[in-house]
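J.: Build me a model:
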Amino acid sequence: MNILLIEDEMRVADFVRRGLKAEGWVVEHASDGESGLEIIRDRDFDVIILDLMLPGISGQQVCQRLRARLIKTPVLMLTALDSTDERVAGLRLGADDYLPKPFDFDELIARVSALHRRATGYASDGDEGKLQHQGLIYDSEAMVLTVDGIVVDLSAKERELIAILMASKNKALSRERILNSVWGTHEDPMTNVVDVYIGRLRKKLGPYGQLIATVRGAGYRFG
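T.: As a prediction, the model looks like this:
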């Protein structure tokens with residue numbers, strides 16, 4: 001996925017850019033609206049992450065100009081102003097989604113992915129909420145995992161764990177990322193709870209347990 005990030009706060013921009021690249025996505029960064037519009041003039045992107053408060057022209061003005069050019073690229077707007085009026089104004093000008101600062105990085109990833117899926121028609125209605133790989137199917141709406149058609153009994157944490165692994169297929173996930181997503185940031189990052197649950201999950205997946213690979217010095221990778 002190719003993403004354009006328009007953000008003037010360098011600390012935030014660096015954090016977001018490094019995180020998105022770790023997901024395997026290509027990221028172009030612009031520090032103001034005018035620069036962002038120039039970049040978009042010459043290149044196509046899958047998603048645009050646009051800060052509301054920019055020097056020069058605002059994020060709302062950037063969004064308005066994009067839509068005036070008939071550029072339909074999905075826009076996720078970041079804002080420190082968590083007011084209904086600001087969100088409504090941005091949506092009316094063409095933004096597709098809003099995320100208030102400070103935000104959880106997993107939520108940013110989820111929103112960007114959802115925008116891209118909607119724009120590309122990635123999932124049909126019948127497949128919405130389902131993750132599948134070989135003989136494994138996890139239905140996030142029914143919260144059911146089947147292995148070769150047989151329902152596997154999972155605890156709540158095991159369901160969350162298999163969901164994040166399958167949704168990030170072929171990507172290495174750090175233990176810290178898994179802890180944050182499944183157990184919450186209040187957990188001690190030195191705990192071995194992730195390793196314990198991975199071990200349990202591998203056993204329950206039977207012959208597919210080997211799909212959860214240990215990435216030395218990093219964490220785990222599914223697929």
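J.: so the residue positioned nearest the centre of the chain is in which element?
T.: Using CA atoms, centre = their mean, the residue of the chain that lies closest to the mean C-alpha position is residue 109, 1.6 Å off. Here residue 109, judged by DSSP states H and E, is contained in helix 105-120.
J.: Quick one: list the elements packing against that helix.
T.: helix 10-22, strand 47-51, strand 75-79, strand 97-100 (3 or more CB pairs under 8 Å, 6 or more residues apart in numbering; DSSP states H and E). C-betas here are computed from N, CA, C, even on glycine.
J.: most packed of these?
T.: strand 47-51 (a mean of 26; mean count of other CB atoms under 10 Å).
J.: by contact count, what packs against that strand?
T.: Partner elements for strand 47-51 (3+ CB pairs under 8 Å, 6+ apart): strand 2-6, helix 33-42, helix 59-68, strand 75-79, helix 105-120.
J.: avg pLDDT for stretch 52-69?
T.: Mean pLDDT, stretch 52-69: 90.
J.: and if you look at stretch 27-38?
T.: Stretch 27-38 comes out at a mean pLDDT of 94.
J.: Quick check: buried residues in it?
T.: Going by neighbour count (16 or more other CB atoms under 10 Å), the buried part of stretch 27-38 is 27-34, 36-37.
J.: Mind putting the helices and strands packed on strand 47-51 into CSV with distance to residue 144?
T.: Shown next, in CSV, are the helices and strands packed on strand 47-51 (distance: least, CB to CB, whole Å):
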stretch, distance to residue 144
strand 2-6, 33
helix 33-42, 42
helix 59-68, 40
strand 75-79, 31
helix 105-120, 21
